[in-house]
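Novice: Task: produce atomic coordinates for the following.
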Amino acid sequence: MDGVRPTDVVRVHREALYVLRSSIDAAHIDAYSGDAWPPEVLHSYERASLLARQEVVRGSRSRRADPGMGIDIDVRDDGQFEVLSDLVPYTIHAEGWRNGRLVFSASDSGTSLWIEVTQEQEAELQSRLGLLGTPPGALTELTPGR
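Specialist: Numbers count the residues shown, from 1 in each chain. Here you go, the predicted model:
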């Protein structure tokens, strides 16, 4: 995302996630960042930590597991999706899956984003970003095999 304003980086992460939301059936996030969490997302960081503790109580997460790594997110739940959307531009790692296939990966505290979208999703994403004033060069299409 070289040359892209930090506000546009945040928008690209969130809008990509929004466009993919309906097709993601599994998502996970690490509640860690290489930088300090921005104050406006601290409530979501705290909620992610709570979700991890709830996984321990339910038995779906080991008590010995790192409490901030691989927190399951149900993207159908608006509150959990908000947590994911808030933290994804800043996390060391988040991912979304569709039928066992990775379709969304954000990492390195906002410096890395990879998505797999249909042509319709790509058009919707470009349109949403354009309406927000994000420059068209904020996304790069990778050629197959890269």
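Novice: Check the offset of the one helix or strand Thr7 maps to from the chain's centre.
Specialist: Assessed by DSSP states H and E, Thr7 sits inside helix 6-20. Centre-to-centre, helix 6-20 and its host chain are 8 Å apart (CA atoms, centre = their mean, to the nearest Å).
Novice: Can you list the low-confidence ranges for this protein?
Specialist: 1-3, 142-146 (pLDDT under 70).
Novice: hmm, 80 instead?
Specialist: Low-confidence segments of the chain (pLDDT under 80): 1-4, 136-146.
Novice: and the residue nearest to the spatial centre of the chain, how far is that from Asp108?
Specialist: For the chain, the residue sitting closest to the mean C-alpha position, by CA atoms, centre = their mean, is Val88 at 3.6 Å. Going from Val88 to Asp108 by CB to CB, to the nearest Å gives 12 Å. For every residue, glycine as well, the C-beta is placed using N, CA and C.
Novice: cool, Glu124 as well?
Specialist: From Glu124 to Asp108 the distance is 25 Å (CB to CB).
Novice: Looking at those two, which is more packed in?
Specialist: Glu124 (16 against 12; other CB atoms under 10 Å).
Novice: Could you confirm that one falls within a strand?
Specialist: No - assigned with DSSP: H, G, I helix; E, B strand; the rest coil, Glu124 falls outside any strand and is helix.
Novice: for the nearest residue to it once chain neighbours are set aside, what are its contacts?
Specialist: Nearest residue to Glu124 in three dimensions, chain neighbours excluded: Val19, at 5.2 Å (CB to CB, 6 or more residues apart in numbering). The contact partners of Val19, taken as CB atoms under 8 Å, 6 or more residues apart in numbering, are Val117, Gln121, Glu124, Leu125, Arg128.
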